[in-house]
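Visitor: model this:
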Amino acid sequence: MSLTATSHLLTTSQRLAMLTALLVAILCQQHVHTWSVTTSGQWERSGSHILPTTNQIRARSPVHCASFCLQNARCFRFCHHTVSLDCFVDDGMTPPSGQVSSVEGAVCYDKIKKNCWASAGFTMLGLRCAKLNSTLATYSSATQQCALEGGHLYHLKTLALDEPPLRSLVPLNPVPKYTWLGADAIGRHRQFTWTDGSPLPAVSEIWSAYEPFNYDGLEDCLSLVNYRGNDIRYKPRPWLPSFSATDQSTVVTHVRSVLDRVTSLQGEGRRDVQSIGPTGVDSPLDN
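Guide: I've put the predicted structure just below:
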């Protein structure tokens with residue numbers, strides 16, 4: 001029998017008691033259900049550091065604060081203060097020099113991500129796992145190896161978002177002048193494309209001055225020089241993969257197309273397709 005049907009048979013105090021119990025049950029159920037968004041598979045409580053000036057907003061609850069973080073694909077941490085209702089979301093874009101201890105009284109949560117393969121040399125940088133492999137390899141070999149590890153050659157699409165992780169990773173490793181990046185124009189008449197299929201315009205902030213230059217008409221691949229893009233022809237170079245759990249199928253498909261184009265170019269006798277050996281010597285032809 002419903003609460004409405006029985007209300008006429010109950011005293012006022014009984015009706016209030018039932019209503020109070022019902023409200024408590026609803027509130028508790030809603031509270032438990034909502035909080036599970038924060039404490040289940042998406043977030044885990046941590047003692048992480050947070051930047052108190054990073055994207056500060058107001059949120060009525062930790063769940064509300066988490067929702068702001070979820071609106072930013074690069075956000076990997078949030079902190080919420082239950083008294084002041086301050087909410088801090090961290091997308092890794094603020095320089096680490098300003099990093100301080102977690103705000104007093106605030107509780108921080110880190111986004112649970114697929115673990116980096118530390119045994120394979122990967123390092124967590126924001127929301128990505130990356131590593132620098134100093135083994136010299138051709139562009140096609142480096143691309144294939146990255147795909148086999150579940151990733152792709154590093155994408156330097158914007159300086160604001162993609163340069164900071166590079167600056168964090170590269171100083172930790174001794175590197176030569178050039179390093180492979182994940183874009184090429186093989187078989188596309190100088191139309192550079194990233195390994196996820198998105199275009200790399202010839203006019204872009206990521207290019208070094210006077211690049212792409214296409215020296216001798218043979219520079220169909222992209223390399224990193226002083227944190228900027230430089231077109232370069234085939235030659236053994238170190239490569240930098242970036243792990244992503246969401247685009248593996250795209251990467252594998254692109255790898256196959258790259259290898260197909262490499263095979264066709266080899267058939268045409270392009271001398272720059274084959275590896276010339278791990279010389280590690282900078283050549284004027286690479287500039």
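Visitor: make it CA atoms for all contacts and neighbour counts henceforth
Guide: Noted.
Visitor: Got the phi and psi for Glu163?
Guide: Here is the backbone geometry of Glu163 (degrees, to the nearest 10): phi -80, psi -40.
Visitor: quick one, what contacts it?
Guide: Counting by CA atoms under 8 Å, 6 or more residues apart in numbering, Glu163 touches Leu156, Tyr227.
Visitor: Which pLDDT value goes with it?
Guide: The model reports Glu163 with a pLDDT of 84.
Visitor: where does the nearest residue to Ala106 once chain neighbours are set aside fall, phi/psi-wise?
Guide: With sequence-adjacent residues excluded and distances taken as CA to CA, 6 or more residues apart in numbering, Ala106 is closest to His81, at 4.1 Å. With angles defined as degrees, to the nearest 10, His81 sits at phi -100, psi 120.
Visitor: His81 contacts Val89, correct?
Guide: No. Using CA atoms under 8 Å, His81 is not in contact with Val89, being 12.0 Å away.
Visitor: and the residue nearest to Ala106, what is it in contact with?
Guide: So His81 contacts Cys87, Gly105, Ala106, Val107 (CA under 8 Å, 6+ apart).
Visitor: For burial, what's the neighbour tally of the third one?
Guide: Taking other CA atoms under 10 Å as the criterion, the count of residues near Ala106 is 19.
Visitor: Contacts only, for it.
Guide: Applying CA under 8 Å, 6+ apart, we find Ala106 in contact with Cys79, His80, His81, Thr82.
Visitor: quick one, strands of the stretch 151-287 of the chain?
Guide: 151-153, 179-184, 193-194, 221-225, 228-232, 237-239, 241-243 (DSSP state E, counting those that start in this stretch).
Visitor: closest to Arg128 out of those strands?
Guide: strand 241-243 (5.9 Å; CA to CA).
Visitor: Report the rounded mean pLDDT for the closest one.
Guide: 44.
Visitor: Setting aside sequence neighbours, what's the nearest residue to Ala185?
Guide: Phe192 (4.3 Å).
Visitor: got a pLDDT number for the residue nearest to Ala106?
Guide: At His81, the pLDDT recorded in the model is 82.
Visitor: how close does it sit to Asp90?
Guide: Distance, His81 to Asp90, by CA to CA, to the nearest Å: 15 Å.
Visitor: next one: Gly151
Guide: Using CA to CA, one gets 24 Å for the distance from Gly151 to Asp90.
Visitor: got it, and Thr195?
Guide: Thr195 is 27 Å from Asp90, by CA to CA.
Visitor: in stretch 162-172, what counts as buried?
Guide: Asp162, Glu163, Pro164, Pro165, Leu166, Leu169 (16 or more other CA atoms under 10 Å).
Visitor: repeat for stretch 189-196
Guide: For stretch 189-196, a neighbour-count test (16+ other CA under 10 Å) marks Arg190, Phe192, Thr193, Trp194, Thr195, Asp196 as buried.
Visitor: any idea of the mean pLDDT for it?
Guide: pLDDT averaged over stretch 189-196 gives 85.
Visitor: Just the CA coordinates for it, please, in CSV.
Guide: Only the C-alpha atoms of stretch 189-196 are listed here, as CSV (Å, rounded to 0.1, in the frame of the first residue of the first chain):
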residue,chain,number,x,y,z
HIS,A,189,52.9,15.2,-52.5
ARG,A,190,54.1,17.2,-49.4
GLN,A,191,50.8,16.9,-47.5
PHE,A,192,52.1,16.0,-44.0
THR,A,193,49.7,13.9,-41.9
TRP,A,194,50.0,12.8,-38.3
THR,A,195,49.8,9.0,-37.6
ASP,A,196,46.2,9.5,-36.3
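Visitor: Closest one of the contacts of Ala106 to Ser141?
Guide: Among these, and counting by CA to CA, the member closest to Ser141 is Cys79, at 42.4 Å.
Visitor: pretty sure the closest one contacts Gly105?
Guide: No. Using CA under 8 Å, Cys79 is not in contact with Gly105; the gap is 9.7 Å.
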